[in-house]
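Engineer: below is the structure, and that's it, no one-letter string:
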């Protein structure tokens, strides 16, 4: 996707759900590296909603507390 974004600088791209990091599996790479590279492109916009849907669903809870402290996917996206 990065190549396409760079080849089309006059086209606006929207990264839906922040690129859907693998929160459920506690894997931030390669997502963290990729989101930082995309953040360098002025023609990329990022929709942050939907991150919670990538977490495990148990007992009606949409976000498991032990998944949030170490993942900080929102922090990674915002710092990029």
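Structural biologist: Nice, thanks for sending it over. What you see is a predicted model; the values in this text were computed from it and never measured.
Engineer: start to end distance for stretch 42-53?
Structural biologist: 27 Å (CA to CA, to the nearest Å).
Engineer: ugh, typo on my part, it should be stretch 19-39
Structural biologist: OK, stretch 19-39 end separation, CA to CA: 12 Å.
Engineer: check stretch 27-43 too.
Structural biologist: Stretch 27-43: ends 26 Å apart by CA to CA.
Engineer: for the nearest residue to residue 16 once chain neighbours are set aside, what are its contacts?
Structural biologist: Sequence neighbours aside, residue 47 is the residue nearest to residue 16 in space, at 5.3 Å (criterion: CB to CB, 6 or more residues apart in numbering). No exception for glycine: its C-beta is placed from N, CA and C like everyone else's. Residues near residue 47 by CB atoms under 8 Å, 6 or more residues apart in numbering: 14-18.
Engineer: tell me the spacing between residue 47 and residue 37.
Structural biologist: 18 Å (CB to CB, to the nearest Å).
Engineer: repeat for residue 17
Structural biologist: 18 Å.
Engineer: where does residue 19 land on pLDDT?
Structural biologist: Residue 19 is assigned a predicted lDDT (pLDDT) of 89.
Engineer: do I have it right that it meets residue 35?
Structural biologist: Yes: shown here, residue 19 and residue 35 form a contact pair, counting by CB atoms under 8 Å, at 5.8 Å.
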